[in-house]
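1. here's a sequence, model it:
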Amino acid sequence: MKTLRYLFPSLVLLGLTVVACSALFDTSKVQCTSDSDCDHFGGHPYCVNALCVASNLGPDGCFFGSATTPEQFANQCSTATCNAFDNCERLSLCGSNATVPVAVDPPTPDASTVVPADAPPPAPTQCVEPGVGNTIVVSGSTAVQPFFATLAPLLAAGSPAYQIAYQPAGSCSGVDFLFNPDPTKRIVKDIVGKQALLFHTDGTSEPCSFGSGVALDVAVSDVFSTSCNAAYTVPATIGAYLGPIQPMTFVVPSTSTESSISAEMAHVVFGRGTTDADVIPWNDFRLYFIRNSGSGTQQMISRAINVDPKKWWGLDRGSSRAVRDKMEAVTPEKASQAIGIISTDFADAERSRLRILSFKGADQTCAYYPDSTQFTQDKANVRDGHYAIWGPIHFYANVSNGLPSAAAGALVTRFTLPRLDQPLLDAVIKIGFVPDCAMDVSRTEEMGALLAYSPQFHCGCYFRATVPGGAVPANCHTCTGALDCTSIAGKPACNDGFCEVR
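-> Sure, this is the predicted structure:
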C-alpha cells in the first residue's frame, strides 16, 4: 500500500512510540493480532507486538488506501506537514457552493510599473568559437540555469567532450525557436537584458555573445510545447525528450509572516490584484514577483490557479534569477506584502532568504510543501501527489531518421534510458529535481490528472537516502547484488545499492 512508506520513520523508534501511545491505548492486554484489529481506535494505528501503535498518519478524514483518483492522491494519509489555509476566513469562500470571483485584467504597464531589463555587461567571449571544442547551443527556460551548471562537468567528461552555450530566453521562446515554421527563427542571437552564458567544465559560467547568430541545437522548456502554442504539436522532424521532474513554487521573503497559500487565494492575488480587498497581506501588485506568458513557470502555475498566463497582476522580472535576486532585496517592512514564483532549483538554494509556501489545491483539505516538511528537501509530496505543481523538463531537438545531431544527442540522449547514469542521477537530486525513477505518480499533459505510476527502474530508496539532509529509510534495504534482495518481499531488484520493486 502506497501510504505505508510514511509509517517507517516512526517505527524506527518503536519503543518510544509504544510508550507515547500508552496514554491513548490500553497496553495491559493483547490488543491485536493484525492491523485491522486496531481500526476502532481511529487514526490508522498498526499492530506491533500485540499492541496498537499510532501511525501518525493524517489529517483527519484523509484517504487511507491505494489512491487511484486525483482527489485521493491529493488527500491521501501521510505524515507530511499539513498546513491549514481557511478560504472561508481569508476569502469569504464558505461552503461547498462558494464561487471564486472572476479574474480582472491587470492595469496596462506604464513607466512606473515596467521593470527595466538588466543590462548585461560586455561579453568579449564568443559563445561558439569555430574550431574550439564542441558546443551545444541551448535556448529556452531560465529556470534550468542551475541545472546546466551541474550538467556541465558531466558533458565535459564525455567522449567527445562538450560544453553548453545557453541563451535564457524563456521556455516558450525556446520552443518557438524550434517549432516556428520560419527557418530563420532557429538562429540564436543575443537578447537585450538576457545574458547568454558559456558553461565551463567545472560548472562555472561566464557571459558570452552569440554575435550575428548561431544555429540552435536544443530548445529546453519547463512545459509542453502545446502549452506555449496549441499548434506546436511535435512533428516527426522534432524529437521530444523528457528530463527530470521540476516543481514550481510560490515563495515569500524569509521574514514574511505567511507560510501557506491556496489555489483560490493565488487566483485572487494574481488574477484580481489590488481590485480585491481579500488579497491582504499581498495588497501591492508591485511586490508580485512574476514572469510572463512565455515563462514555463507562469504557464504551469496558471493552470493550478486558473488565471490566464497573459493576464497576471504583478511585474515581470525577466528571469528566474532576477525573481530570486529582487525578492531577496525586499526590505523587512515590505516582506509580508511580497510574493513570487520560482522553480525549486532556485528556491531550495535560497532557503535562508526565501520561504517556499505550502500549497492547497482546489480539492485538498490541507496545504502541502513540495517536501514532507518546511525544512526537508525530500520532495515526498511531489513524488506521491500531495503537491500538484510540477512537470517534466522538456528537451526538443531536430531529428533525422529519428536521431538528433551529435551535439544535441550529447545532451538529450542522457535522459532516454530508464536507468540514469549515477553521476547524472546525483546531479538531478542535488539540484532539487526528482528523477522519474523516484516518482509514484505521473501525468501525461500539463497539470493533468495524476495517475499511479511504477517506473521501469525504481530508485526511490537511493533518492530518499541521497537528497540533502536525507537518510536511509527504515523500509529500504541495502544490497550489492540481486541475491541480497531475495528475502525482501516485493523488492527483488538491486538498484543503486538498494532493494527495489524493479
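2. going forward, measure contacts and count neighbours with C-alpha atoms only.
-> Will do.
3. so where do the helices sit in the stretch 401-502 of the chain?
-> Under the criterion DSSP state H, counting those that start in this stretch, the stretch 401-502 of the chain contains helices at 406-412, 422-431, 460-466.
4. what would those helices look like in JSON lines with distance to residue 328 and mean pLDDT?
-> Conversion of those to JSON lines gives the following (distance: least, C-alpha to C-alpha, whole Å; pLDDT from 0 to 100):
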{"stretch": "helix 406-412", "distance to residue 328": "33", "mean pLDDT": "96"}
{"stretch": "helix 422-431", "distance to residue 328": "20", "mean pLDDT": "95"}
{"stretch": "helix 460-466", "distance to residue 328": "28", "mean pLDDT": "97"}
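5. switch the ones you listed over to TSV; also include mean neighbour count.
-> TSV is the format used below for the helices of the stretch 401-502 of the chain (neighbours: other C-alpha atoms under 10 Å):
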stretch	mean neighbour count
helix 406-412	19
helix 422-431	19
helix 460-466	22
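6. ok, which of the ones you listed comes nearest residue 336?
-> Residue 336 lies closest, by C-alpha to C-alpha, to one member of the helices of the stretch 401-502 of the chain: helix 422-431, at 27.6 Å.
7. from the contact counts, what lies against the closest one?
-> Applying 3 or more C-alpha pairs under 8 Å, 6 or more residues apart in numbering; DSSP states H and E, one finds that helix 422-431 makes contact with helix 145-156, helix 460-466.
8. gap between the residue nearest to residue 414 when sequence neighbours are not counted and residue 290?
-> Spatial nearest neighbour of residue 414, excluding adjacent residues (C-alpha to C-alpha, 6 or more residues apart in numbering): residue 420 at 7.2 Å. Separation of residue 420 from residue 290 (C-alpha to C-alpha, to the nearest Å) stands at 33 Å.
9. okay, those two: which has more neighbours?
-> residue 290 (28 against 18; other C-alpha atoms under 10 Å).
10. the more buried one reaches residue 323, doesn't it?
-> Yes. Using C-alpha atoms under 8 Å, residue 290 is in contact with residue 323, at 7.0 Å.
11. now list whatever residues contact both of those two.
-> 317, 340-341 (C-alpha atoms under 8 Å, 6 or more residues apart in numbering).
12. okay, those residues in TSV with neighbour count and secondary structure next?
-> As requested, those are exported to TSV (neighbours: other C-alpha atoms under 10 Å; DSSP: H, G, I helix; E, B strand; the rest coil):
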residue	neighbour count	secondary structure
317	24	coil
340	24	strand
341	22	strand
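13. part of a helix, is residue 359?
-> No. According to DSSP: H, G, I helix; E, B strand; the rest coil, residue 359 belongs to no helix; its state is strand.
14. pretty sure it sits against residue 262.
-> Yes. At 5.5 Å, residue 359 counts as touching residue 262 under the criterion of C-alpha under 8 Å.
15. of those two, which one has the most company?
-> For residue 359 versus residue 262, neighbours defined as other C-alpha under 10 Å are more numerous around residue 359 (28 against 24).
16. pLDDT weak spots in the stretch 51-200 of the chain?
-> Scanning the stretch 51-200 of the chain for pLDDT under 70 picks out 111-112, 114, 116-122.
17. now do the strands in it.
-> Ranges of strands in the stretch 51-200 of the chain, per DSSP state E, counting those that start in this stretch, are 51-53, 135-140, 163-167, 187-188, 197-199.
18. paired strands for the helix or strand following the last one, with orientation please.
-> Beyond strand 197-199 on the C-terminal side, the first helix or strand identified by DSSP states H and E is strand 205-207. Within its sheet, strand 205-207 is paired with strand 197-199 (antiparallel), according to DSSP bridges.
19. got CSV for the helices of the stretch 401-502 of the chain, with distance to residue 350 too?
-> Converted to CSV, the helices of the stretch 401-502 of the chain look like this (distance: least, C-alpha to C-alpha, whole Å):
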stretch, distance to residue 350
helix 406-412, 27
helix 422-431, 12
helix 460-466, 19
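20. which of the ones you listed sits closest to residue 481?
-> The nearest among those, by C-alpha to C-alpha, is helix 460-466 at 14.6 Å.
21. report the distance from that closest one to the chain centre.
-> Its chain's average C-alpha position is 17 Å from that of helix 460-466, according to C-alpha atoms, centre = their mean, to the nearest Å.
22. and it, what does it pack onto?
-> Using 3+ C-alpha pairs under 8 Å, 6+ apart, helix 460-466 sits against helix 422-431, strand 498-500.
23. 6 Å instead?
-> The contact analysis (3 or more C-alpha pairs under 6 Å, 6 or more residues apart in numbering; DSSP states H and E) places helix 460-466 against no helix or strand.
24. alpha carbons of that helix, in PDB - could you do that?
-> The C-alpha trace of helix 460-466 is given here as PDB (Å, rounded to 0.1, in the frame of the first residue of the first chain):
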ATOM      1  CA  GLY A 460      13.100   5.700  -4.600                       C
ATOM      2  CA  CYS A 461      15.400   4.400  -1.800                       C
ATOM      3  CA  TYR A 462      18.500   5.900  -3.300                       C
ATOM      4  CA  PHE A 463      16.700   9.200  -3.800                       C
ATOM      5  CA  ARG A 464      15.500   9.500  -0.200                       C
ATOM      6  CA  ALA A 465      18.900   8.500   1.100                       C
ATOM      7  CA  THR A 466      20.800  11.000  -1.100                       C
END
